[in-house]
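Chemist: A predicted structure for the sequence below; I have some questions about it.
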Amino acid sequence: MARDMHHSVFSSFSMIFPIVLTSILSLVHSLTLKSDIEALQSLKSSVDPNMIPASSYLTTWDFSADPCESTGNFFTGSISGWIHGLNKVERIDLSRNLLSGQIPARISELRRLTHLSLSNNEFSRRIPDIKGLWQLQTLELGSNKLSGSFPKLPTRLRTLTLSHNRLSGHITSLENLEQLRLVDVSDNMFSGPISRGILALAQLKHLNVSFNQLTAIEVNNYFRSGSPLQVLDAQGNRLHGHLPVKLVNFERLAVINLAYNGLTGRIPMAYGLRLGRPWRILFLDDNFLSGRLPPQFNSSMVRIRGSLANNCLMCPINIPLCRGGQRLALGCISEIDGN
């Protein structure tokens, strides 16, 4: 219960950026081009009605309204290979439906696509190679049953959501997507490090890699200033070693969540200098951090939300971040000795 509350509190703040972005986009209502509707009508009329399975969403197309406007929980069945015929379509949003099966490889032939959202469905198996979608800026495949390694993606992506799937392997190929602004690959089985190259992406503002099996955060010692990174969520992984001191070099970083990991050692003194400005939210709970707190953590003047609970710290109970207590000494000794 406490963990769920902790996660919801963090999420409500860390998702400010995408919510604002979504609100802006929702003000724009785009209709399907007449030529595309005619192409869809022609496509449906060319198929023998007796050959269309009852589960196919072809049976749901209503040309008295916009056939590409999905309100969710409407389409069922799979996406057939003929989707490649919609080669003038720029935006596909089939999220929040009951679509299943594999995402067809021929979707990569829709070269004009800039937005593809298939999230909150039941798609399974591997994500096809979609590097050919060279104009794609938004890819949302979250909350499906997709598996396999990290997919090959087009380099113009700005928003990438692969959360709540069964994907595995390393995420280092994100380094090649230099225009990324928002990345959410949470709740998968990714392993390896959060590499220097990912954190150094020139436009990245929001990075959520929580609830995976990642083992380290690599921060370049010669990191250039001016990074736009605002949110870093890496809770619920297998991070070990000391807290990365160089996180303080991210001048705009305001939200940090490294809870539920295996981090050890002291909280760096430099962290104290970032509290309140710009760091507004800091969750380091449920690790094995030890020692005294930097003096700024004791100041009643610093306004910051978060938690240092369930560590091995000398954490006075009158400090709000220390509420919840610390681990028993025996558990701390065994973990520190093991490292």
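Modeler: Received it, and whenever you're ready, just let me know what you need.
Chemist: all contacts plus neighbour counts: C-alpha atoms, from now on.
Modeler: OK.
Chemist: per-domain residue ranges of this structure.
Modeler: 34-169, 178-190+198-339 (automatic domain parsing).
Chemist: now these in CSV, with mean neighbour count and mean pLDDT?
Modeler: What follows is the domains of the chain, written out as CSV (neighbours: other Cα atoms under 10 Å; pLDDT from 0 to 100):
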stretch, mean neighbour count, mean pLDDT
domain 34-169, 17, 83
domain 178-190+198-339, 19, 91
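Chemist: what are the phi and psi angles of S100?
Modeler: phi -140, psi -180 (degrees, to the nearest 10).
Chemist: That one touches N120, doesn't it?
Modeler: No. The pair S100 / N120 is not scored as a contact, 10.4 Å apart, by Cα atoms under 8 Å.
Chemist: correct me, but S80 touches Q102?
Modeler: No. S80 is not in contact with Q102 according to Cα under 8 Å; the separation is 9.3 Å.
Chemist: my read is Y271 is in a helix, agree?
Modeler: Yes. Counting by DSSP: H, G, I helix; E, B strand; the rest coil, Y271 is found in a helix.
Chemist: How about it: what's its closest non-neighbour residue?
Modeler: V248 (6.7 Å; Cα to Cα, 6 or more residues apart in numbering).
Chemist: Repeat that for Q230.
Modeler: L253 (4.0 Å).
Chemist: any idea whether the one you found is helix, strand or coil?
Modeler: L253 is classified as coil under three-state DSSP.
Chemist: For it, give me its contacts.
Modeler: P228, L229, Q230, V231, L232, P278, W279 (Cα atoms under 8 Å, 6 or more residues apart in numbering).
Chemist: now do the same end-to-end measure for stretch 118-136.
Modeler: In stretch 118-136, first residue to last residue: 14 Å (Cα to Cα, to the nearest Å).
Chemist: what's the spacing between stretch 95-107 and its chain's center?
Modeler: Chain-centre distance of stretch 95-107: 20 Å, with Cα atoms, centre = their mean, to the nearest Å.
Chemist: Look up how far A259 lies from R96.
Modeler: 30 Å.
Chemist: same question but for Q235, I mixed them up
Modeler: Applying Cα to Cα to Q235 and A259 gives a distance of 5 Å.
Chemist: And for L207?
Modeler: For L207 relative to A259 (Cα to Cα), the value is 15 Å.
Chemist: Look at stretch 253-269 and report the distance between its end residues.
Modeler: Terminal-residue distance, stretch 253-269 (Cα to Cα): 17 Å.
Chemist: same check, this time on stretch 189-209
Modeler: End-to-end for stretch 189-209, by Cα to Cα: 10 Å.
Chemist: swap in stretch 147-156?
Modeler: 23 Å.
Chemist: mind checking how far the nearest residue to E178 once chain neighbours are set aside is from L243?
Modeler: What sits nearest to E178 in space, not counting adjacent residues and going by Cα to Cα, 6+ apart, is L201, at 5.9 Å. L201 is 21 Å from L243, where distance means Cα to Cα.
Chemist: Likewise for L146?
Modeler: 32 Å.
Chemist: go on, R181?
Modeler: 24 Å.
Chemist: who touches C332 in this structure?
Modeler: Here C332 is in contact with F288, N311, C312 (Cα under 8 Å, 6+ apart).
Chemist: Narrow the residues you listed to those in strands?
Modeler: Of those, the ones assigned to strands by DSSP state E are F288, C312.
Chemist: is it true that R96 touches S119?
Modeler: Yes. Contact criterion Cα under 8 Å: R96 and S119 qualify, at 6.4 Å.
Chemist: Pretty sure S299 is one of the things G276 touches, is it not?
Modeler: No. The pair G276 / S299 is not scored as a contact, 10.6 Å apart, by Cα under 8 Å.
Chemist: Wasn't D36 part of a helix?
Modeler: Yes. Under three-state DSSP, D36 falls within a helix.
Chemist: Contacts only, for it.
Modeler: D36 touches L86, K88, V89, counting by Cα under 8 Å, 6+ apart.
Chemist: CSV please, covering those residues and showing secondary structure and distance to L113.
Modeler: Output for the contacts of D36, formatted as CSV (DSSP: H, G, I helix; E, B strand; the rest coil; distance: Cα to Cα, whole Å):
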residue, secondary structure, distance to L113
L86, coil, 10
K88, coil, 8
V89, coil, 6
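Chemist: Right, I'll leave it there.
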